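> I'll drop the sequence and a predicted model, then ask my questions.
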Amino acid sequence: MALIETDNLWKVYQMGAEEVQALRGVTLKIDKGEYVAIMGPSGSGKSTLMNLIGCLDTPSKGVYRLNGQEVNSLSDDELAEIRNREIGFVFQTFNLLARSTALHNVELPLIYSTNGAGDRIERAKHALEMVDLGDRMTHKPTELSGGQRQRVAIARALVNNPSILLADEPTGNLDSKTSAEIMELFDDIHKKGNTIIVVTHEPDIAAHTDRVIQILDGKIFRDSRVTSEEKERGKVQ
């Protein structure tokens with residue numbers, strides 16, 4: 001059974017009198033443990049697909065199954081529960097609380113769980129240690145570099161042991177050296193068995209993954225494996 005399965009997925013937005021078809025019949029499967037890049041130019045539909053996979057939105061037509069469960073008909077509360085339990089999000093803009101410490105930012109997804117405060121803090125500490133920020137737990141975002149802030153965001157995404165780590169342009173606000181460090185961290189996380197989906201328009205970021213799904217005009221026009229030559233070159237075609 002695939003971890004992620006979409007069947008003829010459509011997403012249509014009504015923009016006044018105009019109808020915009022953001023996704024047009026996307027069918028794909030992603031298995032547990034895969035490392036996948038979703039690529040495409042601006043307006044191609046890749047962000048819409050990410051929002052559907054991440055249960056941030058629901059399709060207009062078609063079926064989406066996550067871990068075998070159809071998510072189309074779930075209520076907003078049920079979707080929120082799935083997001084919190086199954087999906088860790090990493091965003092380009094970090095989305096950290098400016099006045100909170102790194103530890104508290106990472107602890108946030110656990111606040112509504114049944115875990116006690118002590119257990120939540122231990123899990124948040126462990127997640128920060130996983131991304132080599134054990135010595136920065138009491139620092140606030142303004143006291144951290146861009147790369148460190150993204151590491152805090154990755155720790156927050158991992159703290160619930162999600163089925164999927166979903167990263168939307170995770171290196172978009174970082175310089176090339178820091179971007180390489182963050183992608184090395186994703187590589188390490190994948191080696192530990194995590195399923196990772198990276199939405200990117202950068203060929204060098206996609207070269208870290210094992211499979212590239214390219215979207216154009218709301219459809220998949222290419223679904224290919226990353227070759228050893230592309231990995232060595234550090235850029236996909």
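Okay, I see it.
> Select the helix or strand of this structure having the lowest average pLDDT value.
When the helices and strands of the chain are scored by mean pLDDT, DSSP states H and E, helix 76-86 comes last with a mean of 87.
> Next, the buried residues of that one.
In terms of neighbour count (16 or more other C-beta atoms under 10 Å), helix 76-86 has its buried residues at 79, 82, 83, 84, 86. Just so you know, the C-beta spots here come from the backbone N, C-alpha and C atoms, and that holds for glycine as well.
> Repeat that for stretch 125-143.
Buried residues in stretch 125-143 (16+ other C-beta under 10 Å): 125, 127, 128, 130, 131, 133, 136, 137, 139, 140, 141.
> Same question for stretch 165-181.
Of the residues in stretch 165-181, 165-171, 173-174, 178-181 count as buried by neighbour count, 16+ other C-beta under 10 Å.
> cool, and stretch 191-200?
Those would be 194, 195, 196, 197, 198, 199, 200, for stretch 191-200 by 16+ other C-beta under 10 Å.
> helix, strand or coil for the third one?
Three states are possible here, and by DSSP: H, G, I helix; E, B strand; the rest coil the one that applies to residue 196 is strand.
> before we move on, the earlier item: TSV please, covering the buried residues of stretch 191-200 and showing distance to residue 107.
Shown next, in TSV, are the buried residues of stretch 191-200 (distance: C-beta to C-beta, whole Å):
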residue	distance to residue 107
194	20
195	23
196	23
197	24
198	25
199	26
200	28
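> And these, which two are furthest apart?
Greatest spatial distance among the buried residues of stretch 191-200 (C-beta to C-beta): 194 and 200, at 17.3 Å.
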